[in-house]
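Enquirer: this is the structure alone, sequence omitted:
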DNA sequence: CTCCACGTTCAAACCGGTTTAGTCAACGCC
DNA sequence: GGCGTTGACTAAACCGGTTTGAACGTGGAG
């Protein structure tokens, strides 16, 4: 198998210099039309393709974005957000042949991963997701000089450009709907405290209750997991005055909650209304179908990638983007509050 | 902010040549101990880190593996396999600072993505998953000279190295268990025909039935999706002689099946036993808990990455690996066949 | 005392692109 | 006819590493 042709081969074949080839291929001025045609023909003839590595070295660009997933090993695999998000990112950067470097790591090693990404210039920029309180990453990105876009609310980014998709309206709508249906004891099973989006969802629930003049129902941790959702639901249903509705931090916990209710003989929605978040593919086909909220993960990925492009192009302004908020999707898992 | 130090800076600081620095840093023979110490001190002093791009160019290695997910947009996000698989891959290649390039594409553009990966040498090799019948990728990899490892059964690889994890034993065990429980009408809701693993699962089910001398129950397509699983279940339960047990191609379809059974008032497991595949986090917390099969996706990722390492090291022999087969996990979703 | 081998170090070439500075011929103008 | 300008092209440097071939100083053998 012959060696892959380089620019020098193309130059020889076209009878010009390497510089001319480079200029012609990159469509820069100062090259005669017929010369350019000759070069392009030679390149096509030899089947030349650019070497990403050589181009990366001379341009100082990696041609890739980075995404670091920081999860405890056992939490990996429970997530429905990332595949769609990644698909969105790819649809933007794949156009021009760039790629997405995905790293999976643990909280302890997280900082080291970013440091290496920056030091070795393995990526041109990174997308930050799952922001935590006092997240060390925005200042770290600044210190490392690593371009970054935050996927989340503007105030989480510490000044970094953000691409936000508000989940508050969906929670408010869910709580209002439950109140309309007569519910007065509306509980919340929250996600991991350290995550800002989990916290934000809890605040949205609290605020909606306050605005409606309803008492703040019990809150239990559900950890965004099936196990946590099941445990929390068990506890809630064992209370003297159990809630008549539970709003969960995500679908996984809510689905587990549905099962627990059934196991305990608590009919849904007759005695308990249930709301999730994420609109996972399964929610529509649970029994009863789970009320949830739809956030466009794919569109979020697209927007985040475009925003990072804008940052790299020096246009920070265009990198602050707000997407349409998540939408509450009522289904049969909610119903009128029980009479007694 | 100062420019990132290069090898030339280190050389100047240590009072040696660039070549000596390179040799010292790479721990090669022919460098005096004290010189090496001086170089390392200088490098640490300046905070030098290698440039991945320069190294890639001179070594002709990209320092990354590729993983291409070929999915129709709407199927993205329904998958529980990849996050864990990716975590496994990362745990192997992340050690040495290499990364995983993830591309998401459609069937139409698939070939082009691989071609570009190969042409631009963006990755050192690729992992092939979700093999289809007459999959064009193994011959394509050969033609492109792109090192590859097939994630699946040895006979799927067209001679390429494979890392296999057999799901047959789990299906056989499930069917045998159901037969032991007295079931005689055992149906199957299969995954998309074009996938070899979906087909293999169906064959495993067929063969187990044959060995047990049981009639081959009805088979319906479920497409590995919740929607497909729900529809297939509805059809099966509407038959004159509905099956008393259904074995699904994956958990998503099985969970949807559970819900449909409930909706139709068919108690599980009293009148219908249900078996899934994947052991998703949610299965343990469905009602009743779903019998499934556990495949170690993370371990699979680790093995696949190691195998690709072996291929790149020229050791094709070490790249054929068989992992422990998937294990059947019986739970409360199966029970004795109904009497009538 | 000379010669050779060895351990150590270095200058220079190389990987495959991009970019700068400069050459050269054709052209228009006074 | 001399001169500056312009357009087309090229030689050479550059990005930041790795690797080759040769040079150098030293010690031991003859």
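Expert: Looks like it came in fine. Computed from a prediction, not measured in an experiment: that's the story for all the values here.

Enquirer: so what's the residue positioned nearest the centre of chain A closest to, chain neighbours aside?
Expert: For chain A, the residue nearest the mean C-alpha position is residue A:85 (5.2 Å; CA atoms, centre = their mean). What sits nearest to residue A:85 in space, not counting adjacent residues and going by CB to CB, 6 or more residues apart in numbering or on different chains, is residue A:301, at 4.1 Å. (C-beta placed from N, C-alpha, C; glycine too.)

Enquirer: give me the neighbour count for the one you found.
Expert: Residue A:301 has 30 neighbours, counted by other CB atoms under 10 Å in any protein chain shown.

Enquirer: strands along the stretch 201-340 of chain A, start to end?
Expert: Across the stretch 201-340 of chain A, reading from the start of the chain, the strands by DSSP state E, counting those that start in this stretch fall at A:219-221, A:245-248, A:273-275, A:292-294, A:321-323, A:327-329.

Enquirer: and the second one, what does it pack onto?
Expert: Using 3 or more CB pairs under 8 Å, 6 or more residues apart in numbering or on different chains; DSSP states H and E as the contact criterion, the neighbours of strand A:245-248 among helices and strands are helix A:168-180, strand A:186-190, helix A:226-237, helix A:251-263, strand A:273-275.

Enquirer: out of the ones you listed, deepest packed?
Expert: When neighbours are counted by mean count of other CB atoms under 10 Å in any protein chain shown, the highest per-stretch mean among the helices and strands packed on strand A:245-248 falls to strand A:273-275, a mean of 28.

Enquirer: pLDDT weak spots in chain A?
Expert: Under the criterion of pLDDT under 70, the regions of chain A flagged as low confidence span A:1-2, A:73-79.

Enquirer: picking that back up, in TSV: the strands of the stretch 201-340 of chain A, plus distance to residue B:54.
Expert: Conversion of those to TSV gives the following (distance: least, CB to CB, whole Å):
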stretch	distance to residue B:54
strand A:219-221	48
strand A:245-248	50
strand A:273-275	53
strand A:292-294	46
strand A:321-323	35
strand A:327-329	48
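
Enquirer: so which of these is the most surrounded?
Expert: strand A:245-248 (a mean of 31).

Enquirer: adjacent strands (with direction) for that strand?
Expert: Strand A:245-248 has its sheet partners listed here by DSSP bridges as strand A:186-190 (parallel), strand A:273-275 (parallel).

Enquirer: please enumerate the helices of chain A.
Expert: With DSSP state H, the ranges of helices along chain A come out as A:7-14, A:18-25, A:33-46, A:52-59, A:81-93, A:110-119, A:137-144, A:168-180, A:196-212, A:226-237, A:251-263, A:297-312.

Enquirer: so which residues on chain A come close to DNA strand D?
Expert: Taking CB under 7 Å from any atom of the strand as the measure of proximity, chain A contacts DNA strand D at A:15-20, A:23, A:29-32, A:35, A:57-58, A:60.

Enquirer: quick one: residue A:37 from residue A:31, how far?
Expert: Residue A:37 sits 10 Å away from residue A:31, going by CB to CB, to the nearest Å.

Enquirer: please apply the same query to residue A:171.
Expert: Using CB to CB, one gets 59 Å for the distance from residue A:171 to residue A:31.

Enquirer: got JSON lines for the strands paired with strand A:245-248, with distance to DNA strand C too?
Expert: Rendered in JSON lines, the data for the strands paired with strand A:245-248 read as follows (distance: least, CB to the nearest atom of the strand, whole Å):
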{"stretch": "strand A:186-190", "distance to DNA strand C": "50"}
{"stretch": "strand A:273-275", "distance to DNA strand C": "53"}
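
Enquirer: mind putting these into CSV with distance to residue A:53?
Expert: As requested, the strands paired with strand A:245-248 are exported to CSV (distance: least, CB to CB, whole Å):
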stretch, distance to residue A:53
strand A:186-190, 47
strand A:273-275, 50
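
Enquirer: domains in chain A, by residue range?
Expert: Structurally, chain A divides into domains by automatic domain parsing as follows: A:7-50, A:64-165+A:297-324, A:168-295.

Enquirer: got the contact list for residue A:43?
Expert: Residue A:43 sits next to A:10, A:14, A:21, A:25 when contact means CB atoms under 8 Å, 6 or more residues apart in numbering or on different chains.
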